[in-house]
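**Q** A predicted structure for the sequence below; I have some questions about it.
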Amino acid sequence: MVGQKKLKEKKIKPKYNIFQNIAYTLKNIWDSGQKMLAVSALARIPISIILTVIALYTPKIILDRLTFSETMQQMIAAITALLAVTMLFNLINNYIGAKHGMMEHRMIFYYLKRNFRKYLDTDYENLENPKFQDINEKAGQGTGNNHTAAMQMPNNFANLFINILSFAFFAGIISFLNPLILLLLCFTVLLNYFMMKGVKNYEHKIKDKRAVIDRKLGYVQRMSHNLTQGKDIRLYKMGEWFNQMGRIFTGEKTSLYKGVEYRYFGVSLVNFIILFLRDGGAYIYLIYRAVDGGLSAGDFVLYFAAIGQFAGWLQGIMDRWLDVHTANLQFCDMREFYDYPNKTNRGKGIDLPKGSNGLSIELKNVSYRYPKAENMTIKNINLKINAEEKIALVGLNGAGKTTLVKLICGMYAPTEGEILVNGHKINDYNIDDYYGLFSAVFQKLRFLPISVAENISIAPKEEADMQRLEKCVELAGLKDKLDSLSMGIDTPLIKEINPGGTELSGGEAQKLMLARAIYKDAPILVLDEPTAALDPIAESEMYQKYNDIAKNKTSVFISHRLASTRFCDRIILIENGEIAETGTHDELVKKGGKYAELFDIQSHYYKDSTSENGGETE
C-alpha cells in the first residue's frame, strides 16, 4: 500500500513546470513556422480590453446624455460613434480569430506528425510494451483536436492576460463603490478556484486508468470491425464476447467519467449557492445606494454591470489558469511520449558491409525477458552462424524461435549478452541502416493499399527494377496468380481502399512477402514459417527454389515441419529458450534425441497413412 501511495504521488507531480512548457510551446510554434499564432494571440489582448471598456461604458454614456437633455442629433452622433468603434474592433477581432483558428489546425498537424514520427522512430520493442502504449494513449489525449488545453495554450495565455487586465480595471471601479464588495467577490471566486483545481487534479490522476481502458476498448472496437476477423466472429459466435468486453470496458470508462462529473456537479452546486448569496447581497447594497440618492442613473448602471462582470473576470483568471495547468499536465504526457528512450542506436553508426553476400552472426550469452515477464524467454544463447550458412531453427510453439530471430534482426535488444554481425555489435550500426541487412518474411502479413509491384519493391513503379521484380515474382511462385489478373502486377491490393483491387489468399500473401524479401536482396535472409499457408505442391516448389533464393546469403529458416529442414547446413533445436541440440538432419536423427523424437512423431502420421493405403509401415 505504501508503494502504491508513493507511485500515485509521483504521477501527480508533473515532470516539467509550467514555465518550461511555455518555453517548449513557443519553441514548437517557431519550429513549425506558425509564429503568427503567438502574434495573433497577443494582438487579441488590447482589442478585447477596448471592446470590454466600450461595452461597460456605453449604457452609462447614453443615460448621462439623456439626463443632460442633449439634442437628438447629439444622441444619434454619440451612439453612432460607439457602434462604429465597436463594429470596427469586432471585425478586427473576428479576423484575427479566424486566422488564429487556421493556425491552430496547422499546429495540430505539427503535433500529429511528431506523434507519427515518434511511433516510426521508436524501437520496435516499445510498440509491444504496454507501458509505451499507455503513454502513447495519454499523449494522444493532448493532441486529439484543437480544443484540448495543450493545443489552446497560446490562446489561454492571451485570455489569461485579458482577464487579469479586465479584472484590474473592474476592481478599480468597484473599489470606489465599496472595498468590502471587492473583497467578498474575490474570496468567493478563489474558493471556487481551489475546488475546481481539486477536480482537475483528480481528473489527471485517473488518466493512467483511462489510458489502459481506452487501449482495451480501442482493441475491441478495431477487431470487431476488422473485415479479416468477420468469418471467425460469425462461425464461432465471437460477437457475444466482443459485446461483453465492450460492455465491461465501456462500463469501466463510464464509471471513471461519473466520478469526475459528480465532482464537477458538486463544485457547481456549491458555486451556485455562493453566487446567489454573493451577487444578491451586492445588488441589494447597490439598490440601497441608488434609492438613497448616492448614485446617478448612469453610475447605477455602470456599477451594476461592473459587479455582474467582475466575478466573471476573476473567475476567468482562475479558469484560464486551470486551463494552463491542465495544458502543462498534457504537455508533460506528450513530452514523456517524445522522450521515451530507445535502446538502439539512432545516431551515427559505422558503415554497413559492402555487397549483398552473406554475413556472419554471433550471439554471446544472449538472454531476453519480455517487459513484466518473470522468466527469460531466451536463456544464455551462444551461437555462431557463418557467412552464407543456411541455418534452420526448430522447436515447439513458444520455444523462443521467433524471439531469437527478432533479437538477431535488431527489433529486440538483449536483456543480457550481445549480438555481433560481421564482427560488430548491433549498436555499432545505426539501427535503420542495420535493418537494411535483412530480408525477412514473418508470420504476420501486412500489405499497403497500393499495387502488387509497389508492395514488392516498396517504391513507385517508375523507380522499380521491373526485370528484377518479375524474376522475384517467378521465384516466389506468384507468377501464375498475377497472370490471371487483368492488371497483372499493377493490380492494387486491399478492396476496402481500392474497389477494383484483389484480395490474396493466405498462400498467395506469403508468396508476395517472399517476393518482397527476394527483391530487397539483403545479405541476411530470415524466413519465419514461410510455407505455413502454402499447399504441399507450392511448399515443395519453394524448397526446390530455396537454394536459388538464399544463394550467397546467410539464411535463418524457422519451421515446425522438421522434414523441411533437410536442405539447411545446420539445424538448431530450441527448447525452453535454450539450444538443446545442433547438427544436420541426419546427425540429429541418428543421435536419437529430442529432434529425432519430434521428427518421428511428425513422420508417424505419414507412415500410418501410407500403411492404410497398402504401403509398408516401418
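**A** Noted; the coordinates are in hand. Residues are numbered from 1 along each chain as shown.

**Q** now N375: closest residue in space, sequence neighbours ignored.
**A** Excluding the flanking residues, the one nearest N375 by CB to CB, 6 or more residues apart in numbering is R369, at 7.0 Å. Any C-beta I mention is one placed from the backbone N, CA and C, and that applies to glycine too.

**Q** for that neighbour, give me its contacts.
**A** N375, M376, T377, T415 (CB atoms under 8 Å, 6 or more residues apart in numbering).

**Q** show me the domain layout of this structure.
**A** 2-338, 361-437+522-610, 448-512 (automatic domain parsing).

**Q** between these, which one is nearest to G347?
**A** domain 361-437+522-610 (6.8 Å; CB to CB).

**Q** quick one on the thing from earlier: where among the domains of the chain is average confidence lowest?
**A** Sorting the domains of the chain by mean pLDDT places domain 2-338 lowest, at a mean of 76.

**Q** check which helix or strand covers the spatially closest residue to T491 that is not a sequence neighbour.
**A** Distance criterion CB to CB, 6+ apart; nearest residue to T491, sequence neighbours excluded, is L485 at 4.6 Å. Assigned by DSSP states H and E, L485 belongs to no helix or strand.

**Q** phi, psi of L485?
**A** The phi and psi values for L485, taken as degrees, to the nearest 10, are phi -90, psi 140.

**Q** run a quick neighbour tally on it.
**A** 13 (other CB atoms under 10 Å).

**Q** and it, how far from L445?
**A** 19 Å (CB to CB, to the nearest Å).

**Q** what does R570 give?
**A** Applying CB to CB to R570 and L445 gives a distance of 28 Å.

**Q** looking at these two, which has the bigger crowd around it?
**A** R570 (18 against 13).

**Q** quick one: the strands in the stretch 501-618 of the chain?
**A** Ranges of strands in the stretch 501-618 of the chain, per DSSP state E, counting those that start in this stretch, are 524-528, 554-558, 570-575, 578-583.

**Q** actually the chain, not the one I wrote
**A** 361-368, 378-385, 390-394, 416-421, 424-425, 438-441, 524-528, 554-558, 570-575, 578-583 (DSSP state E).

**Q** can I get the first one in CSV, CA atoms only?
**A** Looking back up the chat, that one is strand 361-368. Output of strand 361-368 as CSV, limited to C-alpha atoms (Å, rounded to 0.1, in the frame of the first residue of the first chain):
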residue,chain,number,x,y,z
ILE,A,361,26.2,-13.6,-37.0
GLU,A,362,27.3,-14.3,-33.4
LEU,A,363,25.3,-14.4,-30.2
LYS,A,364,27.3,-14.3,-27.0
ASN,A,365,25.5,-15.2,-23.7
VAL,A,366,22.3,-13.7,-25.1
SER,A,367,19.2,-13.7,-22.8
TYR,A,368,15.9,-11.9,-23.2
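
**Q** what does that strand contact?
**A** If you take CB under 8 Å, 6+ apart as the criterion, strand 361-368 is touched by 376-385, 403, 407-408, 412, 414-421, 423, 524, 554.

**Q** buried sites along it?
**A** Within strand 361-368, the residues that count as buried by 16 or more other CB atoms under 10 Å are I361, E362, L363, K364, V366, S367, Y368.

**Q** next one: the second one from N136, what distance?
**A** Computed as CB to CB, the E362 to N136 distance reads 35 Å.

**Q** can you check the third one too?
**A** When distances are taken as CB to CB, L363 and N136 turn out to be 31 Å apart.

**Q** ok so, going back, make a markdown table out of the strands of the chain and add distance to F116.
**A** Putting the strands of the chain into a markdown table (distance: least, CB to CB, whole Å) gives the following:
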| stretch | distance to F116 |
| --- | --- |
| strand 361-368 | 28 |
| strand 378-385 | 31 |
| strand 390-394 | 34 |
| strand 416-421 | 29 |
| strand 424-425 | 30 |
| strand 438-441 | 23 |
| strand 524-528 | 27 |
| strand 554-558 | 31 |
| strand 570-575 | 36 |
| strand 578-583 | 39 |
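
**Q** to F109, which of those strands lies closest?
**A** strand 438-441 (32.9 Å).

**Q** from the chain's centroid, how far away is that closest one?
**A** 26 Å (CA atoms, centre = their mean, to the nearest Å).

**Q** now do that strand: which elements does it pack against?
**A** Using 3 or more CB pairs under 8 Å, 6 or more residues apart in numbering; DSSP states H and E as the contact test, the elements touching strand 438-441 are helix 506-520, strand 524-528.

**Q** would you reformat the ones you listed as JSON lines and include mean neighbour count?
**A** Below are those laid out as JSON lines (neighbours: other CB atoms under 10 Å):
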{"stretch": "helix 506-520", "mean neighbour count": "22"}
{"stretch": "strand 524-528", "mean neighbour count": "24"}
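
**Q** centre-most residue in the protein?
**A** N136 (4.3 Å; CA atoms, centre = their mean).

**Q** ignoring the adjacent residues along the chain, who's closest to that one?
**A** The shortest distance from N136 to any non-neighbouring residue, by CB to CB, 6+ apart, is to F337 (5.8 Å).
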